[in-house]
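S.K.: next comes the sequence, and after it the predicted model I'd like to discuss.
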Amino acid sequence: QVQLVESGGGLVQAGGSLRLSCAASGLTFRRYGLGWFRRAPGKDREFVAAINWNGGSTYYADSVKGRFTISRDNAKNTVYLQMNSLKPEDTAVYYCAAEPYGSGLDFGGDEYDYWGQGTQVTVSS
């Protein structure tokens, strides 16, 4: 049974930082591309960042480029999202997702097979 479990969300002031983690189990982690998406209240799901299955390429939404960094640790079966210079508009539930041999280029999320339950990030002004 595949599980993706996010953690690290919380309440932070604008300009602050958080690091989200997503621990995976039940799959061969190194064979999966990984993505972070978010959904703000009343809005559609939005691509945030992705890393391809071999870790050689990363992709970011324009809104987070230069502030967020995605990384993976295959030894720990974990993908991270380091979020710096947070803004109130970053407030959302953040989800990680896994796609077998994913390139990281599925910005819509439709090719991802597995999703976590989400972690809330709230940025106060």
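M.R.: Arrived safely, thanks for sending. Everything numeric here is computed off the predicted structure, so don't read it as measured data.

S.K.: does Gly102 touch Trp53 like I think?
M.R.: Yes. The pair Gly102 / Trp53 is scored as a contact, 5.5 Å apart, by CB atoms under 8 Å. Just so you know, the C-beta spots here come from the backbone N, C-alpha and C atoms, and that holds for glycine as well.

S.K.: which residues are common contacts for the two?
M.R.: Tyr32, Gly33 (CB atoms under 8 Å, 6 or more residues apart in numbering).

S.K.: quick check: bridge partners of Val121?
M.R.: Gly10, Ala92 (DSSP bridges).

S.K.: residue contacts, it?
M.R.: Counting by CB under 8 Å, 6+ apart, Val121 has contacts 9-10, 12, 18, 20, 38, 83, 86, 90-94.

S.K.: that one and Trp53, how far apart?
M.R.: Distance, Val121 to Trp53, by CB to CB, to the nearest Å: 26 Å.

S.K.: please enumerate the strands of this protein.
M.R.: In the chain, the strands defined using DSSP state E lie at 3-7, 10-13, 18-25, 32-39, 46-51, 58-60, 68-73, 78-83, 92-100, 114-115, 119-124.
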